[in-house]
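S.K.: predicted model and sequence follow; I will ask about them next.
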Amino acid sequence: MGQPEAVMTQHPRLMSPLQLRGHRLRNRIVFGAHTANMSDQGMPGPRYGKYLLERALGGAAMVVAEPVPVHRTGVLTRGNFLHSDDAVIPAFRTITDEVKAAGAVIIQQLYHIGAHGDSDLSFAPHWSPSGGPSYHDSDGSHAMTGAEVEELLEAHVAAAVRAKAAGFQGVEVWAAYHSLLDQFWTPWSNQRTDQWGGSLEGRTRFSRTLIERVRRSCGDDFVVGLAVSYSEAYEVTLGAEALCEILDLHDRTGHVDYVTVGAGSYLEFETIIPPFTHGEKLTTPLTQQLKGLLKHAVVTSEAGVRTPENGEAIIASGLADLVSIVRGQIADPYLARKVAEGRPEDVRGCISCNQMCWGRRSRDYWISCLVNPSAGREFEWGGDRFSPAVEAKGVLVVGAGPAGLEAARVAAERGHRVEIVEAQPVVGGQFRLAGMQPRRGQILELMDWYERQVDRLGVRLLLNTFLEAGEVAAHPASVVVLATGSLPDETGFQRWVPHLAALPGIEAGGVWSPEAVLRREARLGDAVVVYDEGGNWRGVGTAWALAEQGKRVTIVTPEAFVGKELARTAADGVVRRRLGALGVRMLAEHRLVRWHGNGVTVRSFLSGEEEVIPASGLVMATTNRALDPFPETVPGKVLHRIGDCQAPRLAAYAFHEGRKVGLII
């Protein structure tokens, strides 16, 4: 399946081809390496193979497969592929053959995390240059002997030879995020006094030797890339000047064909996969320097390259030769193809939420995507390519939140006649309200995308329309999808005070839901208490929004820290710093005792001490209640219930159920 000629594209530089070690890249878009965690007992199987294939079919020029540990001391996740085992070769060969047939070049990343291992998964000591601590778990590491250094060199070479046998057209050697190679390069983590330490020549000897041996073992037509990252968070990590000096040294060998520049490190994890709290195009200052320095290797910009517009700006401005768009192509595998066909408005944008990509990987599951629940299920669901329905049916979708919109879109893509009825004047439900929180405008862009798609597909959309049960029964559609969502709990019930059915004092008034706040229905004074049981954006984001409006905000949570559920997305530290800068008081491990109408009594779970916090308003971010006003069955209709009307949950599960029901109608 080739890529169409980019004659109509609005992104000519991004869509221009590039030669790399004799291979023609059809455009400048890379689907960069990331741990998808999709192995089956360490073997690559259909889940991972079809995941990569979908992005190749979608037009990516180069696919860099998940990092493979080269040695038993480098195992980091449950889903890592087997190290040091030729059994993976035929399984990978199936994947590489399909990806190449789809028109993409395929590379395999090789990695070792050095000190930053995970003993729960490796059951091995972490090997590092000088025995520093792990920033992944709480363990220390083992300072390698000279023989062990040689063992790791040979392990990298063996992994590269194995990759070539498996059909990969090259390897990407991992030196990013203060990994093993970066640890050798960095004086703080390399305090060796032998040939592998000391001077710049000594500290780079390991990586230069490794790459030279890979080149000798795999041949002149084999692509060798080098992945690095840049972080200014700590003075002990390598700065731009030091990285330029190191990469110039490697470039002069002529063995390195490209350098990929990411952001962050294990010391500054939040920028490795930057959530929406960060800016975009994070690495261009360094890639621009490298473009003016490197004579052989081409340069790839990674981290925060979210959209085709980002990519075109980077390439057109000469800031890099390639762009790695990872989450953007998880969200829309056909991003490159749509751009080449001149339809960038049809690209479903990543919203940088990290909920199902890093959020699942951080808990050691295989990754997926909030806005594209087919990610990781391509082998079951067919990816983003929808098979026509056997019989076109009339479908009524009640509710235009995430579940309803996705169900309607997929059903219409498959040829059904679809009508959506929504009680509100706009689509999106509560998820649209989340887009009203600070820095979350990407959600509103996604809602705009849905409106364009349902219009393109001929879906009839009725807003400001509330249906009674009898109207549903009388509707001509044979299939009804109920996606009516949920409503805030108005009792003030607290999960960790289960013996009280309601918050004492709630009858005094002045108690609001986050939804009421974001709809600007809440009448709040200058001082507001936000009680947050979820530890996610519903409470934390609302507190942030109120603080930016100039309110004096106190956020109270029964959890051990504010934003507990955001920790899985790497955004919790960022938002706490922002809240702190805005003067928000954060009170953890407390519950509410009584609302007084002009203040609230809180009690510590730890000491039992109570405190009265003056406040003109109280916002309760507690668990919603499902809204399902319809009978269990409707005569003559096939009924499906999806999303929050079944059980209030995060938006990801609404999108998932919408996609799933759209595929089975």
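M.R.: Right, received. Where do you want to start?

S.K.: need the longest helix for this protein.
M.R.: helix 146-165 (DSSP state H).

S.K.: give me the residue ranges of this protein where confidence is low.
M.R.: Within the chain, the stretches with pLDDT under 70 are 1-7.

S.K.: tell me the domain ranges of it?
M.R.: Split into domains by automatic domain parsing, the chain comes to 18-341+355-365, 394-487+626-664, 506-623.

S.K.: looking at those domains, which is nearest to residue 348?
M.R.: domain 18-341+355-365 (4.2 Å; C-beta to C-beta). Using the backbone N, CA and C atoms, a C-beta is placed for each residue, glycine as well.

S.K.: what sits against residue 648?
M.R.: The contact partners of residue 648, by C-beta atoms under 8 Å, 6 or more residues apart in numbering, come to 486, 623, 624, 625, 626.

S.K.: strands - which of the residues you listed land there?
M.R.: 486, 625, 626 (DSSP state E).

S.K.: beta-bridge partners for the second one, please?
M.R.: By that I understand residue 625. residue 487 (DSSP bridges).

S.K.: isn't it up against residue 487?
M.R.: Yes - assessed by C-beta atoms under 8 Å, residue 625 is found in contact with residue 487 at 5.7 Å.

S.K.: anything in contact with each of the two?
M.R.: Common neighbours of residue 625 and residue 487 (criterion: C-beta under 8 Å, 6+ apart): none identified.

S.K.: can I get stretch 228-235 as CSV, trimmed to CA atoms?
M.R.: Extracted C-alpha coordinates of stretch 228-235, given in CSV (Å, rounded to 0.1, in the frame of the first residue of the first chain):
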residue,chain,number,x,y,z
VAL,A,228,19.9,11.3,22.8
SER,A,229,18.0,13.7,25.0
TYR,A,230,18.4,17.1,26.5
SER,A,231,17.4,18.4,29.9
GLU,A,232,18.2,21.6,31.7
ALA,A,233,16.6,20.5,35.0
TYR,A,234,19.8,19.6,36.8
GLU,A,235,23.3,21.0,36.3
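
S.K.: got a list of contacts for it?
M.R.: With C-beta under 8 Å, 6+ apart, stretch 228-235 has contacts from 175-177, 182, 237-240, 243, 247, 259-265, 267-268, 271-272, 283, 286, 303.

S.K.: all helices of the stretch 1-150 of the chain, in order?
M.R.: 46-57, 88-101, 119-122, 146-165 (DSSP state H, counting those that start in this stretch).

S.K.: how close does residue 608 get to residue 556?
M.R.: To residue 556, residue 608 is 16 Å away according to C-beta to C-beta, to the nearest Å.

S.K.: and the helices in the stretch 151-300 of the chain?
M.R.: 180-185, 200-203, 205-218, 240-251, 284-291.

S.K.: centre of the chain to the last one, how far?
M.R.: Read it as helix 284-291. Between the centre of helix 284-291 and the centre of its chain there are 24 Å (C-alpha atoms, centre = their mean, to the nearest Å).

S.K.: could we number from 30 for the rest of this?
M.R.: New numbering, starting at 30: the last item is helix 313-320.

S.K.: buried residues in that helix?
M.R.: By neighbour count on 16 or more other C-beta atoms under 10 Å, the buried set for helix 313-320 is 313, 315, 316, 317, 318, 319, 320.

S.K.: go through the helices of the stretch 30-179 of the chain and pick out the most buried.
M.R.: Neighbour counts (mean count of other C-beta atoms under 10 Å) averaged over each of the helices of the stretch 30-179 of the chain peak at helix 75-86, with a mean of 24.

S.K.: just put the ones in strands among the contacts of residue 677 in CSV and tack on distance to residue 441.
M.R.: Below are the ones in strands among the contacts of residue 677 laid out as CSV (distance: C-beta to C-beta, whole Å):
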residue, distance to residue 441
515, 25
654, 30
655, 26
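
S.K.: so which of those is the most crowded?
M.R.: Using other C-beta atoms under 10 Å as the neighbour test, the ones in strands among the contacts of residue 677 are led by residue 515, with 23 neighbours.

S.K.: that one contacts residue 673, doesn't it?
M.R.: Yes - counting by C-beta under 8 Å, residue 673 is a contact partner of residue 515 at 3.8 Å.

S.K.: shared neighbours, these two?
M.R.: Common neighbours of residue 515 and residue 673 (C-beta under 8 Å, 6+ apart) are 459, 653, 655, 656.

S.K.: farthest pair in those?
M.R.: Set against one another by C-beta to C-beta, the shared contacts of residue 515 and residue 673 have their most distant pair in 459 and 655, with a gap of 12.6 Å.

S.K.: residues shared between the contacts of the two?
M.R.: Residues within reach of residue 459 and of residue 655 at once, by C-beta under 8 Å, 6+ apart, are 515, 673.

S.K.: what's the spacing between residue 167 and residue 260?
M.R.: Separation of residue 167 from residue 260 (C-beta to C-beta): 21 Å.

S.K.: ok, the two, which is more surrounded?
M.R.: For residue 167 versus residue 260, neighbours defined as other C-beta under 10 Å are more numerous around residue 260 (22 against 8).

S.K.: how much space between that one and residue 487?
M.R.: Looking at residue 260 against residue 487, where the rule is C-beta to C-beta, the gap reads 49 Å.

S.K.: now residue 204
M.R.: Distance, residue 204 to residue 487, using C-beta to C-beta: 51 Å.

S.K.: going along the chain, name the helices of the stretch 530-679 of the chain.
M.R.: For the stretch 530-679 of the chain, applying DSSP H, counting those that start in this stretch gives helices covering 543-547, 566-577, 601-610.

S.K.: once you drop chain neighbours, what's closest to residue 539?
M.R.: Using C-beta to C-beta, 6 or more residues apart in numbering and skipping the chain neighbours, the partner closest in space to residue 539 is residue 646 (5.3 Å).

S.K.: give me the number of residues near the one you found?
M.R.: 23.

S.K.: on that earlier part again, adding distance to residue 384, write the helices of the stretch 180-329 of the chain out as TSV.
M.R.: Listed next are those as TSV, based on distance: least, C-beta to C-beta, whole Å:
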stretch	distance to residue 384
helix 209-214	28
helix 229-232	39
helix 234-247	35
helix 269-280	32
helix 313-320	26
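
S.K.: and these, which is most packed in?
M.R.: Counting by mean count of other C-beta under 10 Å, helix 209-214 has the highest mean neighbour count of the helices of the stretch 180-329 of the chain, with a mean of 26.
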